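Participant: Just need the structure, nothing else, for what follows:
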Amino acid sequence: MNKKERVDLAKWSILYAKKIGSNEVSITISKTNKIEIEVRNKKIDKLVESTQNSLNLSLYVDNRFSSHYTNNLKKEHLKNFIEKAYLMTKHLNTDPYRSLPDPELYKNQKKIDIKINDGSYKSIEYKKKVKIARDIEKSAMNQNKKIISVTSSFYNSHEELVKVQSNGFSGEKESTIFSCSAEVTVKDADRGKPEDWSSANARFFKDLPDPELIGKSAADRALRKIGQCKIKTGIYDMVVENRVANKMIYALYLPIKAKSIQQKNSFLENKINKKIASEKLTIIDDPFVIKGLGSRLFDSEGISSKKRTIVDRGILKSIYVDDYYGKKLKMKPTTDSFSNIVLEKGTKSIEDMIKSIKKGMIITEFLGGNSNSLTGDFSFGIVGLYIEHGQVIKPVNEMNITGNLETLWKHLYDVGNDPYIYSSYMTPSLHFKEINFSGVN
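Facilitator: Predicted structure coming up:
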């Protein structure tokens, strides 16, 4: 099924749903092809290829709403599917806020190429993908005899999508993602088997790093965990590596969603245009990053994408308002979710940050934990490296950081110059002052 056929099927589905009584209808039809290769012990341990066609149907019937999904795109099946969905929706409770977005929100969609589709996707040979996974494993295993095992992988996906809504929206997207990774386990005498990983994601195949670098990075990171231990409970400086700093940003994301605010579950309610963080923090939601992993021209509701400043030098400027909760709050919708999170970067490298620290910790990994959207209180398990007088002294694990998010972000001391490019969270390394670490009393 080509793009035109998907659009025609979406329009036919909308007409049929309205014919039997639906007031408004939204249809998304997609085709996704995925390949996943995993190598372990020099053998292909996993090989999965799948192609899936799907149709998502959202119905609005007399202020009642429901969503339905099917893989069968034949019209004779879809008639019965739509009829059953309609009858199910009729039994739901009414909700006056359930309707499609105002068509005004569809306007001014940018007509630019954000380069999220690699046209060479179909020409990349299977052998080349397997070789990448094998080269990653070989590179990791060659680093040290203390390495017990390596699991390497290659993944790619190609999606073609059309979205049509009964009140005027029509959009399409074609995108690719390529990923490669390694997970390495090492021997650490009586202290267990430390593990670590390295990975990269890109829209274009050519933008993936050298497989040998992925393998070496994962091995080096696992090896430096040998001898890890707890240190004393106390207040320390904290540097969060760029690749895991998304954990800190996501803890802010939930409290600035309209849903959390409407349900009185946000410590940031009524904080627009107020200071919530250090002036070092500027967060931009940019859906137009070229080749960005979160780049898009419209969101899942069809609302046209816009670049927005969420936090400006510590001042909260904007929140995430989807259409449904926007109606409840009487606020104009912005978008239903984040695209690319871009932090205004600083001038220092992570090495510069480390050199400036008398006593502190580099966070290299978060192990579970939680944050409370209502109070801002948090507790995260961490793994990292202990620093004294600008030098890494030893690896640490089984510790926690605790506190309150608003206090934490006001203790942000510096932002690095090293945004992480392999994620939609393009976060640099972050340096915080006076953080509570729980370890050995």
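
Participant: Using PDB, list the CA coordinates for stretch 162-179.
Facilitator: As requested, the backbone C-alpha atoms of stretch 162-179 are provided in PDB (Å, rounded to 0.1, in the frame of the first residue of the first chain):
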ATOM      1  CA  VAL A 162      -0.500   9.200   7.300                       C
ATOM      2  CA  LYS A 163      -2.900  10.900   9.600                       C
ATOM      3  CA  VAL A 164      -6.300  12.300   8.600                       C
ATOM      4  CA  GLN A 165      -9.000  13.900  10.800                       C
ATOM      5  CA  SER A 166     -12.500  14.700   9.900                       C
ATOM      6  CA  ASN A 167     -12.300  18.400  10.600                       C
ATOM      7  CA  GLY A 168      -9.600  19.200   8.100                       C
ATOM      8  CA  PHE A 169      -6.200  17.900   9.200                       C
ATOM      9  CA  SER A 170      -4.100  15.700   6.900                       C
ATOM     10  CA  GLY A 171      -0.400  15.000   7.500                       C
ATOM     11  CA  GLU A 172       2.200  12.500   6.500                       C
ATOM     12  CA  LYS A 173       5.600  11.300   7.800                       C
ATOM     13  CA  GLU A 174       8.300   9.000   6.600                       C
ATOM     14  CA  SER A 175      11.200   8.300   9.000                       C
ATOM     15  CA  THR A 176      14.100   6.000   9.800                       C
ATOM     16  CA  ILE A 177      16.100   5.200  12.900                       C
ATOM     17  CA  PHE A 178      19.400   3.300  13.100                       C
ATOM     18  CA  SER A 179      20.900   2.100  16.300                       C
END
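
Participant: Centre of the chain to that stretch, how far?
Facilitator: How far stretch 162-179 lies from its chain's middle: 19 Å, per C-alpha atoms, centre = their mean, to the nearest Å.

Participant: now that stretch: mean pLDDT?
Facilitator: Mean per-residue pLDDT for stretch 162-179: 97.

Participant: Break the protein into its domains for me.
Facilitator: Split into domains by automatic domain parsing, the chain comes to 3-30+51-101, 121-223, 234-438.

Participant: what's the spacing between the first one and its chain's center?
Facilitator: Using C-alpha atoms, centre = their mean, the distance from the centre of domain 3-30+51-101 to the centre of the chain it belongs to is 28 Å.

Participant: residue boundaries of the helices in this protein?
Facilitator: Using DSSP state H, the helices of the chain run over 3-19, 75-90, 126-141, 211-223, 246-253, 258-262, 323-329, 350-355, 405-410.

Participant: Turn the ones you listed into a markdown table, including mean pLDDT and mean neighbour count.
Facilitator: (Each C-beta comes from the backbone N, C-alpha and C, glycine too.) Below are the helices of the chain laid out as a markdown table (pLDDT from 0 to 100; neighbours: other C-beta atoms under 10 Å):
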| stretch | mean pLDDT | mean neighbour count |
| --- | --- | --- |
| helix 3-19 | 96 | 17 |
| helix 75-90 | 96 | 16 |
| helix 126-141 | 96 | 19 |
| helix 211-223 | 97 | 21 |
| helix 246-253 | 94 | 20 |
| helix 258-262 | 96 | 21 |
| helix 323-329 | 97 | 19 |
| helix 350-355 | 95 | 17 |
| helix 405-410 | 94 | 20 |
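
Participant: what's near enough to touch L252?
Facilitator: Taking C-beta atoms under 8 Å, 6 or more residues apart in numbering, we find L252 in contact with 268, 283, 405, 409.

Participant: How about the third one: what's its closest non-neighbour residue?
Facilitator: Nearest-residue entry for L405: G376, 4.1 Å, with adjacent residues in sequence omitted and distances by C-beta to C-beta, 6 or more residues apart in numbering.

Participant: so the one you found makes contact with P255?
Facilitator: Yes. In this structure G376 lies within contact range of P255 using C-beta atoms under 8 Å: 7.3 Å.

Participant: who has more neighbours, those two?
Facilitator: Each of G376 and P255 has its neighbours counted (other C-beta atoms under 10 Å); P255 has more, 25 against 21.

Participant: Surely that one touches L268?
Facilitator: Yes. Under the criterion of C-beta under 8 Å, P255 is in contact with L268, at a separation of 4.5 Å.

Participant: out of the domains of the chain, nearest to I112?
Facilitator: Evaluated over the domains of the chain, closeness to I112 peaks at domain 234-438, with 6.9 Å, by C-beta to C-beta.

Participant: for the closest one, the distance to its chain's centre please.
Facilitator: Remark: domain 234-438 is offset 12 Å from the chain centroid, using C-alpha atoms, centre = their mean.

Participant: Renumber starting at 11 from here on
Facilitator: Okay, residue one is now 11; in that scheme the one you just asked about reads as domain 244-448.

Participant: follow-up on the earlier one: could the contacts of L262 go into JSON lines alongside distance to A210?
Facilitator: Formatted as JSON lines, these follow (distance: C-beta to C-beta, whole Å):
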{"residue": "L278", "distance to A210": "33"}
{"residue": "I293", "distance to A210": "23"}
{"residue": "L415", "distance to A210": "29"}
{"residue": "W419", "distance to A210": "28"}
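
Participant: List the contacts of K21.
Facilitator: Per C-beta under 8 Å, 6+ apart, neighbours of K21: V174.

Participant: what's the distance between it and T104?
Facilitator: Noted for K21: a distance of 27 Å to T104, by C-beta to C-beta, to the nearest Å.

Participant: returning to what we had before: S149: which of the contacts of L262 is nearest?
Facilitator: The closest of those, once distances to S149 are taken by C-beta to C-beta, is I293, at 35.4 Å.

Participant: which residues pair with that closest one across the strands?
Facilitator: In this entry, I293 is beta-bridged to V321, L353, by DSSP bridges.

Participant: Would you agree it is in contact with I259?
Facilitator: Yes. Assessed by C-beta under 8 Å, I293 is found in contact with I259 at 7.1 Å.

Participant: Which neighbours do those two have in common?
Facilitator: 351, 353.

Participant: Nearest residue to I245 in space, ignoring adjacent ones along the chain?
Facilitator: E444 is the one closest to I245 (C-beta to C-beta, 6+ apart), at 5.3 Å.
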